[in-house]
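K.L.:
Next come a sequence and a model predicted from it.
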Amino acid sequence: MDQPSHIVLYIGPIAVVVLVVLLVVLIRMTVLNARSGSFPAFLLVKGRWVRGIAEYGSSNLSWRRRIGLSSAPSVLLARRHIDVVDSPEQWYQSSLVVVTLKTPTDSVSFALRSGDAAGLIAWIDSSPPGT
(Lines give C-alpha, C1' and ligand atoms only; values in the text may rest on other atoms or scores of the structure.)
Protein backbone atom coordinates (compact mmCIF):
# COMPACT_ATOMS: atom_id res chain seq x y z
CA MET A 1 0.00 0.00 0.00
CA ASP A 2 2.34 2.71 -1.21
CA GLN A 3 -0.48 4.84 -2.62
CA PRO A 4 -2.45 7.14 -0.28
CA SER A 5 -6.09 6.27 0.16
CA HIS A 6 -8.77 8.36 -1.51
CA ILE A 7 -9.84 9.82 1.84
CA VAL A 8 -6.41 11.31 2.47
CA LEU A 9 -6.51 13.01 -0.94
CA TYR A 10 -9.68 14.89 0.05
CA ILE A 11 -8.61 15.99 3.53
CA GLY A 12 -6.26 18.75 2.30
CA PRO A 13 -8.76 20.54 0.02
CA ILE A 14 -11.57 20.17 2.58
CA ALA A 15 -9.37 21.67 5.30
CA VAL A 16 -8.51 24.61 3.03
CA VAL A 17 -12.19 25.26 2.29
CA VAL A 18 -13.08 25.13 6.00
CA LEU A 19 -10.27 27.53 6.86
CA VAL A 20 -11.31 29.96 4.12
CA VAL A 21 -14.94 29.93 5.32
CA LEU A 22 -13.84 30.54 8.93
CA LEU A 23 -11.62 33.39 7.79
CA VAL A 24 -14.48 35.01 5.84
CA VAL A 25 -16.80 34.71 8.87
CA LEU A 26 -14.18 36.25 11.18
CA ILE A 27 -13.49 39.13 8.78
CA ARG A 28 -17.25 39.75 8.40
CA MET A 29 -17.72 39.85 12.19
CA THR A 30 -14.79 42.23 12.61
CA VAL A 31 -16.06 44.60 9.91
CA LEU A 32 -19.61 44.60 11.29
CA ASN A 33 -18.41 45.28 14.85
CA ALA A 34 -16.17 48.13 13.69
CA ARG A 35 -18.87 50.08 11.84
CA SER A 36 -20.08 53.33 13.32
CA GLY A 37 -23.55 52.93 14.84
CA SER A 38 -23.24 49.17 15.30
CA PHE A 39 -23.86 47.33 18.56
CA PRO A 40 -24.36 43.72 19.67
CA ALA A 41 -28.02 42.75 20.01
CA PHE A 42 -30.07 39.60 20.38
CA LEU A 43 -33.21 39.39 18.23
CA LEU A 44 -36.26 37.35 19.17
CA VAL A 45 -36.92 35.03 16.21
CA LYS A 46 -39.74 32.49 16.47
CA GLY A 47 -39.46 32.33 20.26
CA ARG A 48 -35.64 32.04 20.31
CA TRP A 49 -33.05 34.72 20.98
CA VAL A 50 -30.49 34.91 18.16
CA ARG A 51 -27.16 36.72 18.63
CA GLY A 52 -26.39 39.39 16.09
CA ILE A 53 -25.18 42.88 15.33
CA ALA A 54 -27.55 45.79 14.87
CA GLU A 55 -26.62 48.98 13.10
CA TYR A 56 -28.44 52.22 12.68
CA GLY A 57 -27.80 54.56 9.81
CA SER A 58 -29.53 57.76 8.74
CA SER A 59 -32.79 56.09 7.69
CA ASN A 60 -32.70 52.38 8.63
CA LEU A 61 -32.04 50.00 11.48
CA SER A 62 -30.48 46.78 10.25
CA TRP A 63 -29.71 43.54 12.08
CA ARG A 64 -27.43 40.72 10.92
CA ARG A 65 -26.72 37.36 12.45
CA ARG A 66 -23.39 37.38 14.23
CA ILE A 67 -22.13 34.28 12.46
CA GLY A 68 -22.87 34.00 8.76
CA LEU A 69 -21.58 34.58 5.28
CA SER A 70 -24.17 37.01 3.95
CA SER A 71 -23.51 40.73 4.08
CA ALA A 72 -27.22 41.50 3.61
CA PRO A 73 -29.19 42.29 6.76
CA SER A 74 -31.65 39.68 8.04
CA VAL A 75 -33.87 42.49 9.33
CA LEU A 76 -34.16 45.99 7.88
CA LEU A 77 -36.49 48.51 9.53
CA ALA A 78 -37.21 51.97 8.13
CA ARG A 79 -36.62 54.58 10.81
CA ARG A 80 -39.77 56.52 9.96
CA HIS A 81 -41.93 53.42 10.63
CA ILE A 82 -40.45 52.39 14.01
CA ASP A 83 -42.03 53.18 17.38
CA VAL A 84 -40.83 52.04 20.81
CA VAL A 85 -43.61 49.98 22.43
CA ASP A 86 -42.65 50.30 26.13
CA SER A 87 -39.78 51.26 28.35
CA PRO A 88 -36.88 48.78 28.24
CA GLU A 89 -37.27 45.86 30.63
CA GLN A 90 -34.46 43.87 32.24
CA TRP A 91 -33.77 40.59 30.43
CA TYR A 92 -33.90 37.85 33.05
CA GLN A 93 -31.10 38.50 35.55
CA SER A 94 -28.56 39.83 33.10
CA SER A 95 -27.17 43.25 32.32
CA LEU A 96 -29.25 43.33 29.13
CA VAL A 97 -32.60 45.01 28.58
CA VAL A 98 -35.35 44.15 26.10
CA VAL A 99 -36.60 46.85 23.75
CA THR A 100 -39.67 46.07 21.68
CA LEU A 101 -40.20 48.08 18.52
CA LYS A 102 -43.46 48.36 16.60
CA THR A 103 -43.53 48.53 12.82
CA PRO A 104 -46.61 48.88 10.59
CA THR A 105 -46.73 45.09 10.10
CA ASP A 106 -45.12 43.53 13.16
CA SER A 107 -43.26 44.03 16.41
CA VAL A 108 -39.58 43.23 16.89
CA SER A 109 -37.81 42.61 20.21
CA PHE A 110 -34.11 43.19 20.82
CA ALA A 111 -32.09 42.34 23.93
CA LEU A 112 -29.11 44.66 24.28
CA ARG A 113 -26.98 46.56 26.78
CA SER A 114 -28.78 49.39 28.52
CA GLY A 115 -26.46 52.03 27.03
CA ASP A 116 -27.09 50.68 23.53
CA ALA A 117 -30.84 50.65 24.26
CA ALA A 118 -30.70 54.31 25.30
CA GLY A 119 -28.84 55.15 22.09
CA LEU A 120 -31.33 53.21 19.95
CA ILE A 121 -34.33 54.89 21.58
CA ALA A 122 -32.72 58.34 21.21
CA TRP A 123 -32.01 57.57 17.52
CA ILE A 124 -35.66 56.63 16.97
CA ASP A 125 -37.00 59.63 18.92
CA SER A 126 -34.72 62.09 17.12
CA SER A 127 -35.98 61.13 13.68
CA PRO A 128 -36.60 64.28 11.64
CA PRO A 129 -40.30 65.15 11.31
CA GLY A 130 -42.03 63.87 8.20
CA THR A 131 -39.33 61.32 7.35
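P.N.:
Great, that's in hand.

K.L.:
where does the chain dip in pLDDT?
P.N.:
Flagging of the chain using pLDDT under 70 yields the residue ranges 1-8, 25, 27-29, 31-36, 69, 129-131.

K.L.:
That one: helices as residue ranges?
P.N.:
Applying DSSP state H to the chain gives helices spanning 6-34, 114-125.

K.L.:
CSV for the ones you listed, including distance to R51 and mean neighbour count?
P.N.:
In this view, the C-beta of every residue, glycine as well, is placed from N, C-alpha and C. Listed next are the helices of the chain as CSV, based on distance: least, Cβ to Cβ, whole Å; neighbours: other Cβ atoms under 10 Å:
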stretch, distance to R51, mean neighbour count
helix 6-34, 11, 11
helix 114-125, 14, 15
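
K.L.:
To N60, which of those helices lies closest?
P.N.:
helix 114-125 (10.8 Å; Cβ to Cβ).

K.L.:
which secondary structure elements does the closest one contact?
P.N.:
In terms of contacts (3 or more Cβ pairs under 8 Å, 6 or more residues apart in numbering; DSSP states H and E), helix 114-125 is packed against strand 38-45, strand 48-56, strand 83-84, strand 96-102, strand 107-113.

K.L.:
what comes into contact with it?
P.N.:
Residues from elsewhere that reach helix 114-125 (Cβ atoms under 8 Å, 6 or more residues apart in numbering): 39-41, 54, 56, 61, 79, 82-84, 88, 95-97, 99, 101, 110, 112.
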